[in-house]
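Asks: got a sequence here, can you build the structure:
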Amino acid sequence: MSVTIALEPPRQAGVIRLLDLSDAYAQSLYPPESNHLVDLSLLEKPSVSFLVARSDDVIVGCCALVEAGDGTAEIKRMFVDPEARGLRIASGLMNALEAIAGEMQLKAIRLETGIYQPEAISLYRKYGYREIEPFGAYLPDPLSLFMEKRLG
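Replies: Numbering: from 1, shown residues only. Next up is the predicted model:
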């Protein structure tokens, strides 16, 4: 089984299926005010680098790196198909988005994740992300964890 990760447009059936799975998962864990989901149109903006992971040409993972305009970017919509978990796809996506961040000479990557997602939290910690205060338009939320990795 070969896994490839590349920049691709988000508006394709396999990605939409993953985003729907991601939405359903988040909605099963958190109330609406604690779900900070972005829709497809935001993912198509020029300030977004959208990565797609494929296993034998089937879309099995995705994530977006959204430029904030201040030398930082935010990870959004990181999700791996539950059927493909354990194949190190999330690690591949992290490596690819950090490489893009390096090419863009960003000073930091930030993210928001939920407290009931231990797999995501441990992935981000493994990659050197540390807890920070809410950033950007986020408000404090007891169900959210805000993280950052300084670059360079």
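
Asks: could you list the residues in contact with the helix or strand encompassing Leu145?
Replies: Using DSSP states H and E, Leu145 maps to strand 144-150. The contact list for strand 144-150 (Cβ atoms under 8 Å, 6 or more residues apart in numbering) reads 34, 36, 72, 98, 107-115, 121, 124, 127-135, 138. C-betas here are computed from N, CA, C, even on glycine.

Asks: which of the residues you listed fall in strands?
Replies: Per DSSP state E, strands hold the following members of the contacts of strand 144-150: 72, 108-114, 130-132.

Asks: so how far is Val38 from Glu98?
Replies: 20 Å (Cβ to Cβ, to the nearest Å).

Asks: who has more neighbours out of those two?
Replies: A side-by-side neighbour count of Glu98 and Val38, using other Cβ atoms under 10 Å, places Glu98 first with 18 against 15.

Asks: residues touching the more buried one, list them.
Replies: Going by Cβ under 8 Å, 6+ apart, Glu98 touches 109, 127, 149, 151.

Asks: for the spatially closest residue to Gly71 that is not a sequence neighbour, give me phi and psi.
Replies: Spatial nearest neighbour of Gly71, excluding adjacent residues (Cβ to Cβ, 6 or more residues apart in numbering): Lys107 at 4.4 Å. Dihedral angles of Lys107 (phi, psi; degrees, to the nearest 10) stand at phi -90, psi -20.
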